[in-house]
Structures are given as structure tokens and as C-alpha cells.
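> Take this sequence and fold it.
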Amino acid sequence: MFDSPLSASAYEVLQSAPDATDDDLRKAYRLRLRQTHPDTGGDAAVFVQVQRAWDLVGTPAARAAYDRGHGFGAHAPSYAPAG
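Down below sits the predicted model:
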């Protein structure tokens, strides 16, 4: 997960926008935990994906690094042709 351009991004797994505030991202994470927890009828594999996604974007430093690497950040490099 998250290692291929075709795999879901951490934001997609958390069902949150890349430009969400830290508080909104935390709320999305907590909601996804409740939705996917195996004890409440959720899928264990998706639950693990949600936890992994949070590990990637759960702190400001981790989120900034993730965003830079995946083109979500304001200072992400652009490889589009000029003009």
C-alpha cells in the first residue's frame, strides 16, 4: 500500500482531502477507525491500512514529508513542461 502510483493515497484511505486542517484530518482518522475496526464489523485489513495512513500523515512533520513526496504540498516539485 502507498508504494505504487496506482495505490490509494493516505488521504484516500482516511477519506480526507489533502488540504484538510490537522483537526479535520484527525477527525477523519478517528471516524475511519470506528468504521473499520474488526470488533464493530469492519475489515481488519482496511483497519491496518487506516493505521498505516495515519502513521504517514498523523504529525505535522510526517505529513509535510509525505506531501512533498506525493505532490500534495505547496512546495512539491512540478515535472510538467514549462509554458
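> most centrally placed residue in the protein?
Geometric centre of the chain, nearest residue: residue 10, 2.1 Å, by C-alpha atoms, centre = their mean.
> For residue 67, see how far away that one is.
For residue 10, the distance to residue 67 equals 10 Å [C-beta to C-beta, to the nearest Å]. (C-beta placed from N, C-alpha, C; glycine too.)
> before we move on, the earlier item: now the closest residue to the residue nearest to the centre of the chain other than its chain neighbours: which helix or strand?
Nearest non-adjacent residue to residue 10, counting by C-beta to C-beta, 6 or more residues apart in numbering: residue 53, 3.8 Å away. Per DSSP states H and E, residue 53 falls inside helix 44-57.
> Identify each buried residue in the helix or strand containing residue 68, please.
Per DSSP H and E, residue 68 falls inside helix 60-70. Within helix 60-70, the residues scored as buried using 16 or more other C-beta atoms under 10 Å are 63, 66, 67, 70.
> from the middle of its chain, how far away would that helix be?
Distance, stretch centre to chain centre, for helix 60-70: 10 Å (C-alpha atoms, centre = their mean, to the nearest Å).
> Same question for stretch 35-42.
19 Å.
> again with stretch 50-58
In terms of C-alpha atoms, centre = their mean, the centre of stretch 50-58 is found 6 Å from the chain centre.
> All set, thanks.
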